[in-house]
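Student: Return a 3D structure for these sequence lines:
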Amino acid sequence: MATPTDRRPFALFRGADAPSLSEHGSITQAGVTPVIEQGFSAMVAAGALEGSYLDVPWSGNGMSLTRLAMKSGNPLPLHTHDCDCLYYIVSGSIVIGTETLHGGDGFFVGAEVPYGYFAGPEGAVLLEFRATERFNIRFQVKTEEGWDRLVRHVADAQDRWAGESLPAVS
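Tutor: Take a look at the predicted model:
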């Protein structure tokens, strides 16, 4: 895995060696309020992390690649990043706004543009490309009611997720 100071004209990386997003440390939370902190913690306690996996196969030369696998219906709360992001759906589907995107589809989100989505009924695997090695996440769900809806959604999915594997990322 390349480090932020590495500048190489050619490099190979292996997905099997990718650290998790939390191990890699490339993302920081911004604008955290007590409501956001409590809401996100409640989502985690309800089992949101069991419904997804994030890793970083590449970070170097001013770029990063994040890989996300999600079980069916898993929500990614409304949020922004401080950089442009390009997403490619490898398999499964997501619902973003009124659109359903499938494997082979993708979307672009500019810096500070709010977005969120749900994994489709078969789950989803996405690749996230960024022209930076470090970035933030700023959750836009600002009310207890908004977080409560997400927590209920995750809690209601637990029985279904118990019999469901994460989609394969390789």
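Student: okay but C83 is in contact with R130, surely?
Tutor: Yes. The pair C83 / R130 is scored as a contact, 5.3 Å apart, by Cβ atoms under 8 Å. Heads up, the C-betas are built off the backbone N, CA and C, glycines and all.
Student: These two - which one has more neighbours?
Tutor: Taking neighbours as other Cβ atoms under 10 Å, C83 and R130 compare with R130 leading, 20 against 17.
Student: Helix or strand for the residue nearest the centre of the chain, just tell me which one.
Tutor: Central residue of the chain (Cα atoms, centre = their mean): L68, 5.5 Å from the mean position. Using DSSP states H and E, L68 sits in strand 63-70.
Student: And for L126?
Tutor: strand 115-130.
Student: Partner strands of that strand, with direction?
Tutor: Strand 115-130 pairs in its sheet with strand 63-70 (antiparallel), strand 75-80 (antiparallel), strand 85-96 (antiparallel), by DSSP bridges.
Student: among the ones you listed, which is nearest A42?
Tutor: Closest approach to A42 among the strands paired with strand 115-130 is made by strand 75-80 (11.5 Å; Cβ to Cβ).
Student: Who are the packing partners of the lengthiest helix in the chain?
Tutor: Looking across the chain with DSSP state H, the single longest helix is helix 144-162. The contact analysis (3 or more Cβ pairs under 8 Å, 6 or more residues apart in numbering; DSSP states H and E) places helix 144-162 against helix 34-46, strand 75-80.
Student: And the spatially closest residue to D105 that is not a sequence neighbour, how far from G110?
Tutor: Spatial nearest neighbour of D105, excluding adjacent residues (Cβ to Cβ, 6 or more residues apart in numbering): I89 at 5.2 Å. According to Cβ to Cβ, to the nearest Å, I89 and G110 sit 19 Å apart.
Student: Look at those two and report which has more neighbours.
Tutor: Neighbours were counted for I89 and for G110 using other Cβ under 10 Å; I89 has more, 20 against 11.
Student: so what's the residue nearest to the centre of the chain up against?
Tutor: Neighbour list for L68: 52-54, 124-128 [criterion: Cβ atoms under 8 Å, 6 or more residues apart in numbering].
Student: Okay, and the beta partners of it?
Tutor: On the basis of DSSP bridges, L68 is bridged to L54, L126.
Student: pretty sure R130 contacts S64?
Tutor: Yes. Counting by Cβ under 8 Å, R130 touches S64, with 4.9 Å between them.
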